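>>> based on what follows, work out the 3D shape:
(one chain, ligands or ions: 1)
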Amino acid sequence: MPLWTRPRGTSDILPEEIELWLKLEEKIRAVCHAFGYRELRTPMFEHTELFQRGIGEATDIVEKEMYTFQDRGQRSITLRPEGTAPIVRAYLENKLGAGSLPVKVFYYGPMFRYERPQAGRYRQFTQFGLEALGSSDPLLDVETIALPIELYRACGLEGFEVELNSIGCPSCRQEYRKELVAYAGPLRQELCPSCQSRLDRNPMRLLDCKEEGCRRLLKDAPAIEDYLCQECSSHFSQVRSYLGALDISYHLNPHLVRGFDYYTRTVFEVTFPKLGSQDAIGAGGRYDGLVEECGGQPTPAVGFAVGVERLLLALKSQGKLKLEKKGPAVFIVNFGGRTKVKAAQLAQSLRREGFWAEMDYLDRSIRAQMKSANRLRAGYVLVLGEEELAQKKVLLRDMETGREEFYKLDEPEQLMKALGRV
Ligand code: AMP
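Below is the predicted model:
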């Protein structure tokens with residue numbers, strides 16, 4: 001394997017591609033601003049225990065997918081596989097709950113999971129997520145769904161679907177879990193090996209097994225909705241009525257459970273079916289027990305995370321978020337020697353004014369420099385030869401119209417005015 005091979009499941013975002021990312025990031029920031037969410041940046045690694053306790057020991061992520069290592073001080077460290085537990089840690093450590101509630105923050109950055117890479121599933125991927133801590137208001141659950149939907153809309157995405165479920169609280173879930181095990185227990189031998197182990201360790205996860213056989217067997221499993229306690233049931237119906245009031249359409253999916261143990265009550269997922277097997281472009285839910293689990297006071301909270309690569313894949317599949325390729329404002333062609341020095345000075349003063357000014361760094365012929373200017377799609381070319389230098393002027397060529405004009409070197413304002421037309 002050549003030395004320049006990147007690790008599996010990672011990607012290089014090349015300069016042409018990064019423009020799309022920046023455009024999307026701009027939209028993310030705008031929609032977060034409108035909803036009153038402010039950015040919180042946490043470290044890319046945390047103490048392993050935070051994720052073990054927060055996400056849950058018997059989850060796929062903690063059991064199989066974390067990048068965990070001992071640092072040189074013999075501490076167990078994990079590259080963050082998700083953003084919620086770190087935000088809760090930061091909320092507690094920085095006493096954010098002492099201010100006005102709810103605390104509404106968003107994060108944006110890379111996550112790491114040792115998964116089987118395929119289209120739309122990577123080992124390093126980017127999530128944009130939001131968290132609202134300190135209120136159990138069902139309206140906040142709905143806002144957490146509304147925000148990413150506004151983002152999808154702002155990007156021009158069409159055809160996404162919202163799935164919704166309530167998985168209750170630890171007390172109603174206990175009852176449900178018993179019923180589910182009673183239903184699935186006799187089917188044990190027919191379930192896939194993962195589900196056989198889920199049956200003992202984390203039976204709720206049986207519900208979202210992707211294996212066709214398991215899906216068929218569990219199709220008629222008891223539905224959690226029938227086991228919700230009074231409070232959870234009323235919370236869920238309020239969530240649904242707010243969704244209606246805000247005109248957010250959704251499907252109820254009684255089999256929707258999430259891969260994290262911290263979720264309580266509302267869970268949701270947004271899919272973009274055209275993406276195929278990895279079609280979830282965002283997911284989230286309420287996690288009323290996590291802050292306490294991490295050592296804080298009981299604090300209700302709700303959040304959502306968007307997979308940025310998948311969102312970009314979805315947008316590309318619809319030809320949305322296109323970029324017009326723009327080149328430098330100006331390419332300065334020089335003839336070497338003194339003219340190169342003058343070209344560098346000219347470039348410096350143009351750059352100081354914010355113009356993208358390019359020049360040649362390979363001592364190429366004039367023809368080759370013109371070719372470079374063309375290839376880069378420069379709006380203008382400035383030609384600076386010995387003769388021009390002697391006469392203290394420079395030739396400006398408009399690359400679109402072919403029009404040429406001389407400008408005085410000691411009157412750069414006129415030149416900049418002309419370039420400003422780009
Ligand atoms: P989760 O944190 O598992 O709830 O995932 C939230 C969103 O992140 C998903 O809906 C995906 O869009 C995205 N996502 C999760 N895992 C991956 C991955 N391995 N590669 C790319 N995107 C991912």
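>>> near the ligand, which residues of the stretch 251-400 of the chain are found?
Residues of the stretch 251-400 of the chain lying near the ligand by C-beta under 6 Å from any ligand atom: Gly259, Ala280, Ile281, Gly282, Ala283, Ala305, Gly307, Glu309, Arg310. Backbone N, C-alpha and C define where each C-beta goes, glycine included.
>>> return a ChimeraX selection command for the buried portion of those residues.
The ChimeraX command for the buried members of these (criterion: 16 or more other C-beta atoms under 10 Å) is given here:
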select :259,281,282,283,305,307,309,310
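>>> tell me which of the residues of the stretch 251-400 of the chain next to the ligand fall in strands.
Among those, the ones falling in strands (DSSP state E) are Ala280, Ile281, Gly282, Ala283, Ala305, Gly307.
>>> give the contact list for the residue of the stretch 301-422 of the chain found nearest the ligand.
Closest residue of the stretch 301-422 of the chain to the ligand, C-beta to the nearest ligand atom: Gly307 (2.1 Å). Contacts for Gly307 (C-beta atoms under 8 Å, 6 or more residues apart in numbering) come out as Gly120, Phe125, Thr126, Gln127, Ala280, Ile281, Gly282.
>>> from these, pick the one nearest Arg8.
Nearest to Arg8 out of these is Phe125 (C-beta to C-beta; 12.9 Å).
>>> which element, helix or strand, includes that closest one?
For Phe125, the element it lies in under DSSP states H and E is strand 124-133.
>>> how far does that strand sit from the chain's center?
Relative to its parent chain, strand 124-133 has a centroid offset of 7 Å by C-alpha atoms, centre = their mean, to the nearest Å.
>>> close to the ligand: what parts of the stretch 1-150 of the chain are there?
Going by C-beta under 6 Å from any ligand atom, the residues of the stretch 1-150 of the chain near the ligand are Glu82, Arg113, Glu115, Gly120, Arg121, Tyr122, Phe125, Gln127.
>>> hmm, back to that, show me which pair in the contacts of Gly307 is furthest apart.
Taking C-beta to C-beta, no two of those sit farther apart than Thr126 and Ala280, at 14.6 Å.
>>> re earlier: with distance to Ser317 added, can I get the ones in strands among the residues of the stretch 251-400 of the chain next to the ligand in JSON lines?
Shown next, in JSON lines, are these (distance: C-beta to C-beta, whole Å):
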{"residue": "Ala280", "distance to Ser317": "15"}
{"residue": "Ile281", "distance to Ser317": "11"}
{"residue": "Gly282", "distance to Ser317": "16"}
{"residue": "Ala283", "distance to Ser317": "19"}
{"residue": "Ala305", "distance to Ser317": "21"}
{"residue": "Gly307", "distance to Ser317": "14"}
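>>> among these, which one sits closest to Arg38?
Ala305 (16.8 Å).
>>> quick check: closest non-adjacent residue to that closest one.
Using C-beta to C-beta, 6 or more residues apart in numbering and skipping residues adjacent in sequence, the residue nearest Ala305 is Gly129, 3.7 Å away.
>>> burial measure for the one you found, as a count.
Using other C-beta atoms under 10 Å, Gly129 has 25 neighbouring residues.
>>> quick check: mean pLDDT of stretch 369-382?
Mean pLDDT, computed over stretch 369-382, is 96.
>>> then stretch 224-240?
Mean predicted lDDT for stretch 224-240 stands at 96.
>>> what's in contact with it?
136, 138-139, 141-142, 164-169, 171-173, 175-176, 179, 254, 265-266.
>>> still on that earlier bit, can I get the residues of the stretch 251-400 of the chain next to the ligand in a markdown table with pLDDT?
Listed next are those as a markdown table, based on pLDDT from 0 to 100:
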| residue | pLDDT |
| --- | --- |
| Gly259 | 75 |
| Ala280 | 95 |
| Ile281 | 97 |
| Gly282 | 97 |
| Ala283 | 97 |
| Ala305 | 98 |
| Gly307 | 97 |
| Glu309 | 97 |
| Arg310 | 97 |
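>>> report the two of the residues of the stretch 251-400 of the chain next to the ligand separated the most.
Every pair of those checked by C-beta to C-beta; the farthest is Gly259 and Glu309, at 17.9 Å.
>>> contacting residues for Leu321?
With C-beta under 8 Å, 6+ apart, Leu321 has these contacts: Leu20, Lys23, Leu24, Cys155, Gly156, Leu312, Leu315.
>>> burial measure for the residue of the stretch 51-200 of the chain at minimum distance from the ligand, as a count.
The ligand sits closest to Phe125 of the stretch 51-200 of the chain, with a gap of 3.5 Å, by C-beta to the nearest ligand atom. Neighbour count of Phe125, defined by other C-beta under 10 Å: 20.
>>> beta-bridge partners for Thr126, please?
Beta-bridge partners recorded for Thr126 (DSSP bridges): Pro110.
>>> that one and Gly83 touch, don't they?
No - using C-beta atoms under 8 Å, Thr126 is not in contact with Gly83, being 10.5 Å away.
>>> common neighbours of those two, please.
Counting by C-beta under 8 Å, 6+ apart, the contacts common to Thr126 and Gly83 are Gly109, Met111.
>>> ranges for the helices of the stretch 51-200 of the chain?
60, 84-93, 138-155, 170-184, 193-201 (DSSP state H, counting those that start in this stretch).
>>> so for the fourth one, mean pLDDT?
In this case it means helix 170-184. For helix 170-184, mean pLDDT is 91.
>>> check the longest one too.
Mean pLDDT, computed over helix 138-155, is 97.
>>> ok now do Pro86, which residues does it touch?
Thr42, Pro43, Glu46, Leu50, Arg80, Tyr107.
>>> most widely separated two among these?
With C-beta to C-beta as the measure, no two of the contacts of Pro86 lie farther apart than Leu50 and Tyr107, at 14.8 Å.
>>> same drill for these two, tell me which one is more crowded.
The residue with more neighbours, out of Leu50 and Tyr107, is Tyr107; 23 against 16, by other C-beta under 10 Å.
>>> doesn't Arg41 make contact with that one?
Yes - with contact defined as C-beta under 8 Å, Tyr107 reaches Arg41; the gap is 6.8 Å.
>>> how about the strands in the stretch 151-300 of the chain?
Remark: strands assigned in the stretch 151-300 of the chain by DSSP state E, counting those that start in this stretch are 161-166, 251-252, 264-271, 280-286.
>>> whoops, the stretch 301-422 of the chain was the one
301-307, 330-334, 357-359, 380-384, 393-398, 404-408.
>>> so where is this structure shaky, pLDDT-wise?
421-422 (pLDDT under 70).
>>> could you chop it up by domain?
15-169+229-317, 330-418 (automatic domain parsing).
>>> for the residue of the stretch 301-422 of the chain closest to the ligand, give the beta-bridge partners.
Assigned bridge partners for Gly307, using DSSP bridges, are Gln127.
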